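Participant: This is a predicted model, with the sequence first.
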Amino acid sequence: MVATLGMRLTDAAQGAQQPGSVTNFTFSGSTLACAWIVQAESTEAITHVWFRYGARTGTPPTYLIQIEPLGTDGNPTGSDIGSTQATFTPPADTTWNGTGRWIALGSSYTPTRGQFFAIVIRYSSGTIDGSNNSSISTQLGNADAATRLFPFNQTYNGSSWTKNASTAIYGMKGALNVFGRPMLAAVNASVTTSGHRACAAFLIPSSIVSSYVVDGFEAHIDIGSNASTVVVGVWDSAGTAIHTDTIDTDYFQGVFQRSMRFYFSSSVTLTGGTKYYIGVQAVGLNVLLGAAQLTESNDRSAFPNGANMCIATWNGSAWTEDTTAFPQLYLISSDITLPGSGSGGSILLGGLGQTGIGSF
């Protein structure tokens, strides 16, 4: 075994913090713009970019989206970094409202690893005014906004850029991976019946670990109410308990929509390549586990452990999984056993970001 010193595994989209409300920027003038200042996570060619569409007013005009280099002032320069420009025209109805949109770039762009650049949306053509426009969702508020200062969103009022400090929501993808934070909204896996469960379904590939020890987890959870109990635990695919603890909810400062950490009464040794479920079980009261809503299942690869993790609920006889919701939960581990080759440990301890290994 290799001691992990309590490091977090399968880290969540924002740690255990639940995304907050969406901020929308209204494009009601031809000189307005919005941008996301980001950094390339790899040298994979970027073929598509993602944004969350807020709402339409009247008949929206046509907009352009492109990747732009940054000037010495840190702002987008207004020039296309390499024939990436594409245009899109939102419909004059509510079809796009509150949805995530993947837009194919005019040409793919291959960055250097660690390169800084901007994803920018600007006006292209058509009537644009207070009666004919679109709003674009730029960021999500959340409890740890002060630590989410990069990547970040900027908005342009026609004469100057404003840097916005909150959780920027954006996305990029290539042939293999998704990058960024393509999060639509905060959602919850909620159960109300005793014995039903709200969990994260997860699998850590056997190419990374042979086995690993889980001491507990931290998650964004509602545990019902005080003067009650809640069950926390790990279950297998058949719904059989591997380990559970019943906890008095009076032990906690609060019960509603909190980031909570639980340590099991005894550690649990799990096997790489096997799917498990970890979370909370109702005891006569409503309990829930928070998650980030995504546009499509593949968007999970933007987050640690990617397609190997999703939200799941147990109805007393079967699991139901939602692969478009990424749980706000991470595992607390004390030991891992590496595969026979000894490789993969550094990937695991790095948080499993962008592995692209395996799927449900």
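Facilitator: The structure has been received and is ready for your questions.

Participant: unless I'm mixing things up, Thr271 is touching Pro205, no?
Facilitator: No: counting by Cβ atoms under 8 Å, Thr271 does not reach Pro205; the two are 11.1 Å apart. To be clear about C-beta, it is placed using only N, CA and C from the backbone, and glycine gets the same treatment.

Participant: what about these two, which has more around it?
Facilitator: Neighbours were counted for Thr271 and for Pro205 using other Cβ atoms under 10 Å; Pro205 has more, 18 against 14.

Participant: Let me know the helix or strand that the more buried one is in.
Facilitator: With secondary structure defined by DSSP states H and E, Pro205 is part of neither a helix nor a strand.

Participant: hang on, it packs against Gly272?
Facilitator: Yes: Pro205 sits in contact with Gly272 when judged by Cβ under 8 Å, with a separation of 6.3 Å.

Participant: pLDDT score assigned to the spatially closest residue to Val22 that is not a sequence neighbour?
Facilitator: Take Val22 and drop its neighbours on the chain: the residue closest to it by Cβ to Cβ, 6 or more residues apart in numbering is Ser137, 4.8 Å away. For Ser137, the model assigns a pLDDT of 94.

Participant: Over to Gly344?
Facilitator: Turning to Gly344, the model gives it a pLDDT of 38.

Participant: Contacts only, for Ser83.
Facilitator: Under the criterion of Cβ atoms under 8 Å, 6 or more residues apart in numbering, the contact list for Ser83 reads Gly106, Ser107.

Participant: In which helix or strand does it reside?
Facilitator: With elements delineated by DSSP H and E, Ser83 resides in a region that no helix or strand encompasses.

Participant: Distance check, it against Ser108.
Facilitator: From Ser83 across to Ser108, the span is 9 Å (Cβ to Cβ, to the nearest Å).

Participant: What residues does Ala312 make contact with?
Facilitator: With the criterion set at Cβ under 8 Å, 6+ apart, Ala312 makes contact with Ala189, Arg197, Cys199, Ala200, Ala201, Tyr277, Gly279, Trp319, Thr320, Glu321, Asp322.

Participant: Okay, and the beta partners of it?
Facilitator: Taking DSSP bridges as the rule, Ala312 bridges to Cys199, Glu321.

Participant: least trustworthy helix or strand in this structure by mean pLDDT?
Facilitator: Least confident helix or strand, the chain: helix 345-349 with a mean of 33, by mean pLDDT, DSSP states H and E.

Participant: And the helices in the stretch 151-300 of the chain?
Facilitator: In order along the chain, the stretch 151-300 of the chain carries no helices (DSSP state H, counting those that start in this stretch).

Participant: Low-confidence ranges, the stretch 51-200 of the chain, go.
Facilitator: For the stretch 51-200 of the chain, applying pLDDT under 70 flags the ranges 142-149.

Participant: count of neighbours near the closest residue to Arg261 other than its chain neighbours?
Facilitator: On the basis of Cβ to Cβ, 6+ apart, the spatially nearest residue to Arg261 that is not a chain neighbour turns out to be Glu218, at 4.2 Å. Burial of Glu218, expressed as a neighbour count using other Cβ under 10 Å, amounts to 20.

Participant: isn't Glu218 right next to Ser259, touching?
Facilitator: Yes: the pair Glu218 / Ser259 is scored as a contact, 6.6 Å apart, by Cβ under 8 Å.
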